[in-house]
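Trainee: Fold the following.
(2 chains)
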2 protein chains.
Amino acid sequence: MTTTPILPSVNNLHKKLFGPISVPERLLLGPGPSNSHPSVLEALSLNPVGHLDPFYISLMGEVQELLRYVWQTDNRLTLPMSGTGSAAMEATIANVVEPGDTVLVAIKGYFGHRLADMAGRYRANVQTIEKQWGEAFSLDEIERALVKYKPAVFGIVHAETSTGVCQPMEGIGELCRKHNALLLLDTVTSLGGVPLYLDKWKVDLAYSCSQKGLSCPPGLGPFTINSRGEEKLSQRSGKVPNWYLDVSLLNKYWGSDRVYHHTAPVNMNFGIRESLRLIAEEGLENSWKRHLDNANLLWSGLQSLGLKMHVNPDLRLATLTTVCIPSGVDGKAFSLHLLNNFGVEIGGGLGDLAGMVWRIGLMGYNSKRENVERILSLFESELPKFR
Amino acid sequence: MTTTPILPSVNNLHKKLFGPISVPERLLLGPGPSNSHPSVLEALSLNPVGHLDPFYISLMGEVQELLRYVWQTDNRLTLPMSGTGSAAMEATIANVVEPGDTVLVAIKGYFGHRLADMAGRYRANVQTIEKQWGEAFSLDEIERALVKYKPAVFGIVHAETSTGVCQPMEGIGELCRKHNALLLLDTVTSLGGVPLYLDKWKVDLAYSCSQKGLSCPPGLGPFTINSRGEEKLSQRSGKVPNWYLDVSLLNKYWGSDRVYHHTAPVNMNFGIRESLRLIAEEGLENSWKRHLDNANLLWSGLQSLGLKMHVNPDLRLATLTTVCIPSGVDGKAFSLHLLNNFGVEIGGGLGDLAGMVWRIGLMGYNSKRENVERILSLFESELPKFR
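Mentor: Presented below is the predicted three-dimensional model:
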């Protein structure tokens, strides 16, 4: 028996006695996180099990299978990274980019810049093409850049959370195959909410998040890579320069070997399993239609109030709408007013659109008629006070 | 108004209609995750708020402050990484190691090897000293290695989860300062459960996890760096080669600027805030004493059953005990028996100790007398069946 040792005294400078947590009720209609489905929150709060428990191992398989469904892919290596969407974004780059590889990023918003930043950190030769924030790329523009830069990887954002633009995807995958590039796609704001067909579109790598179309809190980053991507990974000359996100190690845990890598965030995986189950129950086509129907309601309602959308109708994302802030209105003061007085969160502009737009999200559980009506009625009653 | 477009059909191959989640009740007495405190699970399931919501911003400050308390540090840059403990481990390496830096790792178990693997991926000149799994390093051994290798960073594990050894820390920090090395400490299995004084011990960088001494589910990785560490970070010639874990960016979000970096896992932070609040309420000294008292009960009980501990009493961790598997017993079959028939999880050996020990954790919420009694009575009644 070890006796209690005499210990140095404890410093109580940082010992703050805070009260129990009390979270304000919020309706999250910004760019994400969105509100979670109540049954997802319930799943989150279940007693954890071990990360090698047979129950958990079978739950992992269920999560993988349903991620394949929502992404419309058969990729074997489909799993949630144990971090947020940004970790999954970095995982795509870290695994397939070797130093000196040319990575071409099509930038039309904030998250294109992030991809380029990450690729540089993995010592890629980063090349970019850019469009105004609010536009999309044409096939022609993409092919010219592929010809010019001959990239090993071409990265593009499907649903730009900073602009509200949905990039038309038809034909891009074919161009990438023709020019021998891997196609890397950001689906953070599209997964679950907007038509998305990874395999049909010949996407080689993709990532997303848990807190938007999936109605789960933030904390997991769905990731997928197909056999073309795996081939590039297997040809690396050295280890992946990121241990935590190394898919060759992760695959030994998520694949049939079940070799311990890191202690999985089990409760977050309880949550995402429930959120994916709910989408399968609803049916992907129904979820997409619901998002579009509610977005249409929002757009026509905002127009009736004399407000302008930043993005042309044919490129608009159903999950996230950028609304032009009328001249003379202090956009930030208005969103703070909604948050503080009505518990409703909408987002402000990022980067090039800072101060120019509000961002209204209708994603996953939050894409419903009553939320559209709520935000429209708030714009109607409160905005005049800020003009 | 955008009309519903005609879409390609959806592939339903992976559309599995699973039932609602139903998690088996487990008493987690392995190396972690440990069971979470019920009020932590309740906090986890609260409705999320935005990651820039004023409420959330102030909660971030509370989490930081209480992490300083449990770690006994004044470090400004103290925050939970948005990943598990392994992500926080990688964050320490990624931020301060530059290519060519010598990193000396003292290896006496599985997690020392992991540190060395990670340092290599960040192109360090990795040097190691090794001890048998079950032993600790002496000051003399450490000083000789510091003199020999002149490392920029010296990494060591305080509480080796793979062996159950608690490394005596007195004097190591002084040696590192004398020989101009940063001291990097793994506190994954010690934080909250075992006496730990980062500043007193002159630790420059440390990391931990949420699912052991803190009684929260896995998913967050507490991280801290002091001014000596920050100085090395600020002198880097290029960007940190890991975007997600780049503390210079994270500090703009966690510091006073509040610049968006990534969407924080808000619900996990609700959980860790509650778990840290509970430790402050109990008092760190009381928590340490509780862990030691219950470990003593376990050790003497196991001895009474004729079982041997793998680690000498003076080096034993109160949070995690390695028990020698008696010869002739199939250790794995016994732990599966406990899991399947009694819902009690204990761990097996890792690496050099695979097949040689069981690992019994009494951590955080699970460090209580009734759990000790439960596991002892199971060893008493069930083990004879496996001899």
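Trainee: Show residues contacting the helix or strand of chain A with the lowest mean pLDDT.
Mentor: Ranked by mean pLDDT, DSSP states H and E, the weakest helix or strand in chain A is helix A:247-254, scoring a mean of 95. Contact with helix A:247-254 is made by A:60, A:64, A:77, A:79, A:81, A:91, A:95, A:223, A:225, A:233-234, A:240, A:243, A:258-261, A:264, as judged by C-beta atoms under 8 Å, 6 or more residues apart in numbering or on different chains. Every C-beta, even on glycine, is put in place using the N, C-alpha and C of the backbone.
Trainee: can you rerun that using 7 Å?
Mentor: Residues outside helix A:247-254 that contact it (C-beta atoms under 7 Å, 6 or more residues apart in numbering or on different chains): A:60, A:64, A:77, A:79, A:91, A:95, A:225, A:233, A:240, A:259-261.
Trainee: If you count neighbours, what's buried in it?
Mentor: Neighbour counts over helix A:247-254 (16 or more other C-beta atoms under 10 Å in any protein chain shown) mark A:247, A:249-251, A:253-254 as buried.
Trainee: and if you look at stretch A:366-374?
Mentor: Within stretch A:366-374, the residues that count as buried by 16+ other C-beta under 10 Å are A:366-367, A:371-372.
Trainee: ok, and the closest non-adjacent residue to A:L44?
Mentor: Once flanking residues are discounted, A:L44 sits nearest to A:G271: 4.3 Å by C-beta to C-beta, 6 or more residues apart in numbering or on different chains.
Trainee: meant to ask about A:L307
Mentor: Closest residue in space to A:L307, ignoring its immediate chain neighbours: A:V323 at 5.6 Å, by C-beta to C-beta, 6+ apart.
Trainee: Tell me how far whichever strand or helix holds the one you found lies from the chain's centre.
Mentor: Using DSSP states H and E, the element containing A:V323 is strand A:320-324. Remark: strand A:320-324 is offset 17 Å from the chain centroid, using C-alpha atoms, centre = their mean, to the nearest Å.
Trainee: And for it, what's in contact with it?
Mentor: A:31, A:161, A:163-164, A:189, A:295, A:298-299, A:302, A:307-311, A:353, A:356-361.
Trainee: Closest to chain B out of the buried residues of helix A:247-254?
Mentor: Nearest to chain B among the buried residues of helix A:247-254 is A:L249, at 9.5 Å by C-beta to the nearest C-beta.
Trainee: Next, see if stretch A:188-207 gets close to chain B.
Mentor: Yes - Stretch A:188-207 reaches chain B (C-beta under 7 Å from any C-beta of the partner chain) through A:195, A:197, A:200.
Trainee: how about the first one, secondary structure?
Mentor: For A:P195, the reduced secondary structure class is coil; criterion used: DSSP: H, G, I helix; E, B strand; the rest coil.
Trainee: show me the contacts for it.
Mentor: A:288, B:7.
Trainee: Likewise for the second one?
Mentor: The contact partners of A:Y197, taken as C-beta under 7 Å, 6+ apart, are A:72, B:8.
Trainee: ok, back up a step: would you turn the residues of stretch A:188-207 next to chain B into a markdown table with pLDDT?
Mentor: A markdown table is the format used below for the residues of stretch A:188-207 next to chain B (pLDDT from 0 to 100):
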| residue | pLDDT |
| --- | --- |
| A:P195 | 98 |
| A:Y197 | 98 |
| A:K200 | 98 |
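Trainee: and those residues as a markdown table, adding distance to B:T102?
Mentor: Converted to a markdown table, those look like this (distance: C-beta to C-beta, whole Å):
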| residue | distance to B:T102 |
| --- | --- |
| A:P195 | 53 |
| A:Y197 | 50 |
| A:K200 | 50 |
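Trainee: Give me the pLDDT value at the residue sitting nearest the centre point of chain A.
Mentor: Compute the mean C-alpha point of chain A, and by C-alpha atoms, centre = their mean the closest residue is A:V188, 2.3 Å away. With respect to pLDDT, A:V188 scores 98.
Trainee: A:P5 now?
Mentor: Taking A:P5 on its own, its pLDDT is 69.
Trainee: Could you give me the PyMOL selection string for whichever of the contacts of helix A:247-254 are buried?
Mentor: Buried subset of the contacts of helix A:247-254, written as a PyMOL selection, criterion 16+ other C-beta under 10 Å:
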select buried, chain A and resi 60+64+77+79+91+95+225+233+240+261
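Trainee: Helices along the stretch 201-350 of chain A, start to end?
Mentor: A:227-234, A:247-254, A:266-282, A:284-304, A:331-342 (DSSP state H, counting those that start in this stretch).
Trainee: Correct me if wrong: A:K200 contacts B:P8.
Mentor: Yes - taking contacts as C-beta atoms under 7 Å, A:K200 lies within contact range of B:P8: 6.1 Å.
Trainee: These two: which is more packed in?
Mentor: When A:K200 and B:P8 are compared on other C-beta atoms under 10 Å in any protein chain shown, the one with more neighbours turns out to be A:K200, at 15 against 11.
Trainee: My reading is that that one lies in a helix. Confirm?
Mentor: No - applying three-state DSSP, one finds A:K200 to be coil, outside a helix.
Trainee: ok, now how distant is it from A:D257?
Mentor: Applying C-beta to C-beta, to the nearest Å, the value for A:K200 to A:D257 is 31 Å.
Trainee: Could you do A:L115 as well?
Mentor: With C-beta to C-beta as the criterion, A:L115 and A:D257 are 31 Å apart.
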